[in-house]
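Peer 1: Give me the fold of what follows.
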Amino acid sequence: MDEVTKKLLFHEYILKKFGNAVEEEKEKRSLAYEVEYLLEGKTSDQENLEAVLNKMLLIRMGLNFVYLQTDTAKQAEAGAMALALATAVALPMLEPVVKQVLLAAWAFGESVMDLRSLMSPENCVASGKTAENWQLSLSSLMKMGTSEDTQEGADVTDGWDYKSYLRMLLFLENGDHLTMRTLDRVEQNLIYEKGL
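Peer 2: Numbers count the residues shown, from 1 in each chain. Sure, this is the predicted structure:
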């Protein structure tokens, strides 16, 4: 077996034997989000989940920003808003910069919507965005994080689920760190479950 195949099989073992934020392990354990621990090595579920979600957010934001650069309708919408904002502060020459900042913020907002989808079991996010599966309007972006923000992430039929993103992050993780953290979790689970 070549090294890549061994690595992928080890990752599948991890995903099968350890719980994660979407599919918690049925056994009572000291950490509920074990795969996130294997990726991050922090002491609490919350810290591990935050670190993993931040990585997923960056991946999604990059993909979403690249898509926005190709969508002429969304470019025009952001351009119009950027021109209005730049003119309002009497600096119309800043319109191109303001437009890119708006596009980056829009990509970030869409990425938050993607994470909302991923955190629901069985939900998927499109690996590549199109005008049809883009979820967030530019006007809704301004409402994110407020009491008016009621949007939940949409599910798509063909895409990547939370586990698929975990696979990607496992593949990118340092193999030695992953092995040692896996051994640590096995030891902790034996102690916790069997009282050893």
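Peer 1: Confirm for me that Asn48 is in contact with Ala32.
Peer 2: No. Using Cβ atoms under 8 Å, Asn48 makes no contact with Ala32, being 9.8 Å away. Quick note: C-beta positions are derived from backbone N, CA and C, even for glycine.
Peer 1: the more surrounded of those two?
Peer 2: Comparing Asn48 with Ala32 by other Cβ atoms under 10 Å, the one with more neighbours is Asn48, at 24 against 16.
Peer 1: Show the pLDDT at the more buried one.
Peer 2: pLDDT, Asn48: 96.
Peer 1: sec struct for it, please.
Peer 2: Following DSSP: H, G, I helix; E, B strand; the rest coil, the label given to Asn48 is helix.
Peer 1: Which residue lies closest in space to it, excluding its sequence neighbours?
Peer 2: Leaving aside its sequence neighbours, Asn48 sits nearest to Glu36 (Cβ to Cβ, 6 or more residues apart in numbering; 3.8 Å).
Peer 1: Now name the helix or strand holding that neighbour.
Peer 2: Here Glu36, judged by DSSP states H and E, is contained in helix 34-40.
Peer 1: low-confidence ranges in the protein?
Peer 2: Scanning the chain for pLDDT under 70 picks out the ranges 155, 196.
Peer 1: Can you pull up the most central residue in it?
Peer 2: Note on the chain: the residue nearest the mean C-alpha position is Met56, at 2.7 Å, using Cα atoms, centre = their mean.
Peer 1: What helices and strands are in contact with the strand or helix carrying Gln100?
Peer 2: Assigning secondary structure by DSSP H and E places Gln100 in helix 95-118. If you count contacts as 3 or more Cβ pairs under 8 Å, 6 or more residues apart in numbering; DSSP states H and E, helix 95-118 packs onto helix 45-68, helix 72-88, helix 138-141.
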